[in-house]
Structures are given as structure tokens and as C-alpha cells.
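J.: could you look at this predicted model? Sequence included:
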Amino acid sequence: MIVAMDEDGRIGKGNGLPWRLAADMARFKRLTEGDGFNAVIMGRKTWDSLPDGFRPLPERLNIVMSRHTDWANEEAETALYPGRAIEIAYADGCEECWVIGGAQIYGMYLDRVDEIHVTTVHTTGSGEVSFPKWDKSGWTEETIESLDADDGNEHSTRYSIWTRSGFKG
Ligand SMILES: NC(=O)c1ccc[n+]([C@@H]2O[C@H](COP(=O)([O-])OP(=O)(O)OC[C@H]3O[C@@H](n4cnc5c(N)ncnc54)[C@H](OP(=O)(O)O)[C@@H]3O)[C@@H](O)[C@H]2O)c1
């Protein structure tokens, strides 16, 4: 799972990201593309929010979660339930599955992932969409990088990887 959230756990404003963070977008691309062929799993609203030119996210299998059996797009696979998204990814030969949001989809997969890549954005009250309630007992955080704000990055950030001990998948 990969997410950027502010200090209040806010992740979205309207149907978009609340901040402009070029370094974080570049990291997102690098991590989710990986070295092989990976899948990104997202909610239909996040799919709708992707800007022109980034839909589908290139070089990755785009899997969109929707409850509507008639939702279809030739640039993406559709999954009606969480296990189906994983089946599609592995049937297509993906090495890694990245759950990329938004809030409803994070909530659905929170108990199923073993690693969460979190960018903490050093601001508060960024929007009305929040990351779901997350019980961090059993999770360990390793801070990887802290970055200052600059021209391309509206706020300072801290990137860390949370892992769950003893997770069997
Ligand atoms: N900061 C970040 O890292 C980050 C990352 C991603 C997104 N975001 C933000 O998050 C916001 C969007 O989040 P959101 O929670 O409103 O929407 P979302 O999670 O992107 O998508 C919600 C949609 O997913 C489908 N869905 C939900 N539960 C399902 C289930 N059990 N089975 C199958 N499909 C299911 C439904 O689609 P249908 O209505 O088609 O049935 C639902 O409307 C935006 O503001 C976006 O910018 C932030």
C-alpha cells in the first residue's frame, strides 16, 4: 500500500490530491513501476481523478475497483471485490500489487497488506477525505527520507515504510 497523508491523516480534497509534491510523485512512480511488471489497484473515484495523460498509469496494470458490473474501460481491468483484483494481477504475471487508494480502497485492504509506504505531509486540515482508522499495534515504522519544501514541493515531508511483523498474507 502507498499513501500520502497530512498530520491529520487527510489524503484528498474534492476528487484530487490536496498538495503539489513533485518528489513524492516521482517516488510513487519509481516504486509502483518497480523492476518488473506491477499492478496498481485503485478505486473508481481515484481512477476518475487521474489527470489526462496519466490514465492509465503507464507501465503498470491498472486495476479499478467498482461495484458496478457494467463499469468498463479498455485501458484498465475491473475488479468487483478485493480478492478478484489480486487474482487478476497474478493471472497477468504481475510481480507486485500496489494498493494506491483512495480512502474506501485503503480501508478494504488495510488488513491484507504487509507493507505501507507512507509520506507524511507536514501540514494539517488538507481536505475532507481521510485515511481509514489504522490500528498500528504490530506495525513497525522505518523512516527512509525527510525532505524540505521547495519550488516543486509545497510542504516538507517524511517518507517511511511500515511493516507488519508475523504477517502471513
Ligand atoms: N493522498 C493519497 O495518497 C491518495 C491516493 C489515492 C487517492 N487519494 C484521494 O482519495 C479520494 C478518493 O477516495 P474515495 O474513498 O472517495 O474513493 P476511492 O476509494 O478512490 O473509490 C471509491 C469507489 O471504489 C469502489 N468500491 C468501493 N468499495 C468497493 C468494494 N467493496 N468492491 C468493489 N468496488 C468498491 C466504488 O466504485 P463505484 O462507485 O464505481 O461502485 C466506490 O465509489 C480523492 O480525493 C483522491 O484524490 C489520495
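T.: Perfect, thanks for sending it. Numbers count the residues shown, from 1 in each chain.

J.: need the contact list for the spatially most central residue of the chain.
T.: Centrality entry for the chain: nearest residue to the mean C-alpha point is residue 100, 2.0 Å, by C-alpha atoms, centre = their mean. Residues in contact with residue 100 (C-beta atoms under 8 Å, 6 or more residues apart in numbering) are 1, 2, 28, 32, 40, 41, 42, 46. All C-beta spots, glycine's among them, are computed from the backbone N, C-alpha and C.

J.: per-residue pLDDT, the last one?
T.: Going back to what we said before, that points to residue 46. Residue 46 is assigned 98 on the pLDDT scale.

J.: ok, the third one next?
T.: pLDDT for residue 28: 98.

J.: and it, how many neighbours does it have?
T.: 20 (other C-beta atoms under 10 Å).

J.: hmm, back to that, would you format the contacts of residue 100 as CSV with distance to the ligand and secondary structure included?
T.: Formatted as CSV, the contacts of residue 100 follow (distance: C-beta to the nearest ligand atom, whole Å; DSSP: H, G, I helix; E, B strand; the rest coil):
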residue, distance to the ligand, secondary structure
1, 10, coil
2, 7, strand
28, 8, helix
32, 11, helix
40, 10, strand
41, 10, strand
42, 6, strand
46, 3, helix
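
J.: for the residues you listed, which two are the farthest from each other?
T.: Largest separation among the contacts of residue 100 by C-beta to C-beta: 28 and 41, giving 13.9 Å.

J.: could you check how far the residue nearest to the centre of the chain is from residue 47?
T.: 10 Å (C-beta to C-beta, to the nearest Å).

J.: isn't residue 127 right up against residue 14?
T.: Yes. Residue 127 lies in contact with residue 14 (C-beta atoms under 8 Å); the separation is 7.2 Å.

J.: wait, doesn't residue 64 sit right on residue 75?
T.: No. Using C-beta under 8 Å, residue 64 is not in contact with residue 75, being 9.4 Å away.

J.: beta partners for residue 145?
T.: residue 159 (DSSP bridges).

J.: nope, residue 121 is what I meant
T.: Under the criterion used (DSSP bridges), residue 121 bridges to residue 6, residue 157.

J.: ok, residue 64 and residue 75, which is more surrounded?
T.: The residue with more neighbours, out of residue 64 and residue 75, is residue 64; 24 against 10, by other C-beta under 10 Å.
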